[in-house]
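Undergrad: next comes the sequence, and after it the predicted model I'd like to discuss.
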Amino acid sequence: MNLNKIGKLGEDIAVKFLKGKGFEVLNRNYLKKLGEIDIVAKKLGIYHFIEVKAVSREIIDNKPVKGDFVEPEENMHRDKIRRLANAIEIFLESNKVSCERFTFDLFVVYIDIKQKKVLVKVYEDFPLFI
């Protein structure tokens with residue numbers, strides 16, 4: 001499975017996960033010139049801007065196998081965070097959302113293709129500022 005398919009599958013899994021937790025999914029792949037947000041969701045009046053990092057990795061005992069891999073959360077580098085912050089700011093302004101009513105969450109989705117297993121790791125309120 002290629003990287004684009006893994007990414008799309010990871011986002012689909014994240015959406016299903018969110019809906020199962022009572023979130024309303026408002027937007028997927030909110031794309032603006034200055035950045036993109038994978039998922040915009042809302043629950044209890046709070047907007048959640050979600051970045052999804054999906055990787056194909058073997059899962060044993062409900063844990064991803066570690067190796068010589070860069071962990072997906074380590075790919076949240078300065079430029080990526082800046083682009084996300086820009087897209088979030090545009091979304092907030094264009095939808096007239098109060099700055100106190102949002103959070104940025106990082107979802108890491110591990111997909112074990114051979115065993116058809118999935119593991120979702122959620123980092124709530126991930127820092128947008130470095």
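TA: Everything's here; your move.
Undergrad: next, residue 68: phi, psi?
TA: Main-chain dihedrals, residue 68, degrees, to the nearest 10: phi -90, psi 30.
Undergrad: number of residues surrounding it?
TA: Look at residue 68: counted by other Cβ atoms under 10 Å, it has 4 neighbours. Yep, even glycine has a C-beta here, placed from its N, CA and C like the rest.
Undergrad: with residue 11 instead?
TA: 19.
Undergrad: quick check: bridge partners of the nearest residue to it once chain neighbours are set aside?
TA: Once flanking residues are discounted, residue 11 sits nearest to residue 52: 5.0 Å by Cβ to Cβ, 6 or more residues apart in numbering. Applying DSSP bridges to residue 52 yields these beta-bridge partners: residue 107.
Undergrad: from residue 99, how far out is residue 52?
TA: 23 Å (Cβ to Cβ, to the nearest Å).
Undergrad: which of those two has more neighbours?
TA: residue 52 (24 against 8).
Undergrad: correct me, but the more buried one touches residue 36?
TA: No - counting by Cβ atoms under 8 Å, residue 36 is not a contact partner of residue 52; they are 11.0 Å apart.
Undergrad: quick one: the helices in this protein?
TA: Using DSSP state H, the helices found in the chain span residues 3-20, 78-94.
Undergrad: turn the ones you listed into JSON lines, including distance to residue 61.
TA: Formatted as JSON lines, these follow (distance: least, Cβ to Cβ, whole Å):
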{"stretch": "helix 3-20", "distance to residue 61": "20"}
{"stretch": "helix 78-94", "distance to residue 61": "31"}
